[in-house]
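Here you go, sequence then predicted model.
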Amino acid sequence: MHSPVSHGQGWVDVRTRLLAVIVVDLLLLSSGTRFVQVPALLVLAVLLVLERAVRGAAWIVGAWAVVMALSRWVLPQVPGGVVIMTALLYTVPYVIAAGYGYYFVRSTTPSELTGGLNRMRVPRFVIIPLAVMLRFSATVREDAAAITDAMRLRGLVSPAAVIRHPLRTVEYLVVPLLAASVRSGEDLAASAMCRGLGAQVRPTTTARLGFGYGDALLGLVVLALASTAAI
Amino acid sequence: MAEGMEEGMEAGMEETGHMAGARAIALDKVTVRYAARGEPSLRDFSFEVSEGECVLLTGGSGCGKSTVIRLLNGLVPHVYEAEVSGSVSVLGHTPAERPLQETGRTVSTVFQNPRTQFFCTEPLSEMAFGGENAGADPAGLRARVARVADRVGVAHLAQHSMFTLSGGEKQRVALASAVCDQPRIYLLDEPTANLDDEAVQELRSTLTRLRDSGATLVIAEHRLHYLRGLVDRVVRMDAGRTAQTYSSADFWNIPGQTRRTLGLRSLHPPATAKSPKPAADEHSGLVCDHPRFGELPFPRGMVTALVGRNGVGKTHTARILSGLEKSPARVTLDGRPLTRRQRTRRAFLAAQDVNRQLFGPSVREELTLGRQGIAPSAVDAALRRLDIDQLADRHPLSLSGGQQQRVAIASALVEGREIYIFDEPSSGLDYRAMQSVSGVLTELAASGKILILITHDHELADACAHALVSLSAPSA
């Protein structure tokens, strides 16, 4: 049946994405060799670009390149640089792993997540908090952006102020952010529950779920990454 | 197959009419006291609505109308803790004794704040959300969503993310979502706070259709004129009690003078905008050469209303004028170009949620925070000018919305800012609060500042705007 309504994400099922993110993160955090890091980073960049998060992709690749350049050419020459270099290199796989987490959050809508996890027979007490966190994180980001804007207009955030009083700048952000998030969170929960979130009934989903070529492709890429790690 | 579904939906809408005349809502001597507040928000309040009836609750801010809505959908006491006495019955059940989700199957609410009442990130999933949670068949639900999107006028928003929609557009999706849930009772809490004229008319026709299909409607509102001919009965509230109940005919015939004494907003649709477009003066005031809207002049000493349809780009223009947004638009002040950085120093922008732009631990410190060389006498003068000197030691986040707005303005005044932009300052304001906002704006303009007022509210614009700049999407 062809319905005029089409929503839910494009090319890969939410379950495939979830599995891919978990497998790649496990590879990164367990082996941690550079053999898997580079291809994992490149795959992440491609995935982010496909989600139209071009800036995110540029940031993570750029940061990685800077760290690599520093530890190759600069830090070994500086006294004490080796310690910094070791610390930096140690954090790299964690940052890439976090990048995959960002990709998942960015590419997944709450209804898709709920629908996908339901199909996987994941119990409700796991699904609902996850879906709420996914939605709430977006509101916190929105609140934080609005507050940062207000701080800019109020002259409370400038490069000079951030360097001279970093803690004070954070304090200006955190107090209104907490107040705003508590309010937003309460309102969000209230309206979602009124619309049946957490009801006893087993929910259905209108998100498009189902496997296709995209899923097979992502599966192959993850398999290839896994074989790099095994080298 | 899709056709069958739609017929099913129509039948669903008709079905609600079967019980017409039976009692849908009964509140008997209800007193509500919120945990955080001493004064009760409702006192011995009694209220009945028959099935199929359409009732308007009105009254000043804080009169208790939102509390009535929260009692009916169960949010009081499930989410907002409160001591409740008396009896509440909605379709024969007590909402306090049932899970919120069960009450939500027959009672849908359109809330005031468009930003925090959607759960899904795209409009169509949001509309389907209630049905999904009730376990509806996905194919039928998709068809229902498509049909309602069409009828409520949100189909064109389908491809957008909820986060990129304007406040008014989100509000329309919220109404469409409520309609998709096919409840027997609709509760609407200031549904027009963010809507433009055309959207208000669409809301009116949707509400008319719902009423004709037999649904019960309870609407809490300040803006009244669009409900003429739609509501069967009006309850005017004051300090948690019923001040007066009117039949529809009596209410719409209240004379203007009495209406103003009662603190009610206009009962008649506002006349079309009468203010002229301000004359562009190269050498005085703020001029924005916008790539899409052309030249936008905002003279000194005037309140200029910036109007336009929901989502046309009013808030975005405000962000350009205040330097928050990068844009190729050229902005000049008194003939001299202003860089983006300079604009952030000269402009004040009162956003829709003022509580996100206050940072100090007290009102007084809010005015001096991060600024050197501000004399205490200047602080006192600014506080007095906005009539908040008695609040000087309170925490800004403990104040009401209107008071917070005054604190933010005082903070901009003390720094000698020249450009004041207000983004929908009247959403959720009753007649008196609207008059007071309008007074502040007029006073600032009289002292030679540039005042820009973004609003859909003609009553507010009529009360204080001297000129009007209208944004419309280029037809090409």
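Looks like it came in fine.

Look up the closest residue to the residue in chain A that chain B sits nearest to, ignoring the ones flanking it.
For chain A, the residue closest to chain B is A:Gly196, as judged by Cβ to the nearest Cβ, at 3.1 Å. All C-beta spots, glycine's among them, are computed from the backbone N, C-alpha and C. Counting by Cβ to Cβ, 6 or more residues apart in numbering or on different chains, the nearest residue to A:Gly196 once its immediate chain neighbours are dropped is B:Asn133, at 3.1 Å.

where's the one you found relative to A:Leu130, distance?
Applying Cβ to Cβ, to the nearest Å, the value for B:Asn133 to A:Leu130 is 16 Å.

Also B:Ala445?
Taken as Cβ to Cβ, the spacing of B:Ala445 relative to A:Leu130 amounts to 51 Å.

Likewise for B:Gln352?
For B:Gln352, the distance to A:Leu130 - Cβ to Cβ - is 30 Å.

which of the two has more neighbours?
For B:Gln352 against A:Leu130, the residue with the higher neighbour count under other Cβ atoms under 10 Å in any protein chain shown is B:Gln352, and the figures read 19 against 15.

So the more buried one lies in a helix, does it not?
No - counting by DSSP: H, G, I helix; E, B strand; the rest coil, one finds B:Gln352 to be coil, located in no helix.

Retrieve the pLDDT associated with B:Val148.
Note for B:Val148: predicted pLDDT of 96.

Could you do A:Ala229 as well?
The predicted local confidence for A:Ala229 is 72.

A:Gly210 now?
Taken from the predicted model, the pLDDT recorded for A:Gly210 is 85.

Run a quick neighbour tally on the residue of chain A closest to chain B.
Close neighbours of A:Gly196, defined as other Cβ under 10 Å, add up to 24.

dump the residue contacts of the residue nearest to A:Gly196.
Contacts for B:Asn133 (Cβ atoms under 8 Å, 6 or more residues apart in numbering or on different chains) come out as A:Arg195, A:Gly196, A:Leu197, A:Ala199, A:Val201, A:Pro203, B:Gln101.

rerun at 7 Å
With contact taken as Cβ atoms under 7 Å, 6 or more residues apart in numbering or on different chains, B:Asn133 is in contact with A:Arg195, A:Gly196, A:Leu197, A:Ala199, A:Pro203.

cool, and B:Pro270?
Applying Cβ under 7 Å, 6+ apart to B:Pro270 gives the contacts B:His458, B:Glu459, B:Asp462.

pLDDT value on the residue nearest to A:Gly196, please?
On pLDDT, B:Asn133 comes in at 93.

per-domain residue ranges of chain A.
Here the domain assignment for chain A is A:1-109+A:208-231, A:123-206, based on automatic domain parsing.

Give the rounded mean pLDDT of the last one.
Right, the one you point to is domain A:123-206. Taken as a whole, domain A:123-206 carries a mean pLDDT of 88.

swap in stretch B:345-363?
Confidence for stretch B:345-363, expressed as mean pLDDT, is 87.

May I have that stretch as CSV, with CA atoms only?
The C-alpha atoms that make up stretch B:345-363 are tabulated as CSV, following Å, rounded to 0.1, in the frame of the first residue of the first chain:
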residue,chain,number,x,y,z
ARG,B,345,26.4,46.0,22.0
ARG,B,346,23.7,48.5,20.9
ALA,B,347,20.7,46.3,20.7
PHE,B,348,18.5,44.7,23.3
LEU,B,349,16.4,41.7,22.4
ALA,B,350,13.6,40.5,24.7
ALA,B,351,13.1,36.9,23.5
GLN,B,352,9.9,34.9,23.8
ASP,B,353,11.2,33.1,27.0
VAL,B,354,12.5,36.0,29.1
ASN,B,355,13.6,33.6,31.9
ARG,B,356,16.4,32.4,29.8
GLN,B,357,18.1,35.8,29.6
LEU,B,358,18.5,36.7,33.3
PHE,B,359,21.8,35.8,35.1
GLY,B,360,22.2,37.7,38.3
PRO,B,361,21.4,36.3,41.8
SER,B,362,19.3,39.4,42.5
VAL,B,363,17.6,42.1,40.4
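
Counting neighbours, which bits of it end up buried?
Of the residues in stretch B:345-363, those with enough neighbours to count as buried (16 or more other Cβ atoms under 10 Å in any protein chain shown) are B:346-360, B:362-363.

Kindly report the same for stretch A:96-113.
Per 16+ other Cβ under 10 Å, stretch A:96-113 contains these buried residues: A:96-97, A:99-100, A:102-104, A:107-113.

Need phi/psi at the residue of chain A most remote from its centre.
For chain A, the residue at maximal distance from the C-alpha centroid (Cα atoms, centre = their mean) is A:Pro79, at 35.9 Å. As for A:Pro79, its main-chain torsions (degrees, to the nearest 10) stand at phi -60, psi 130.
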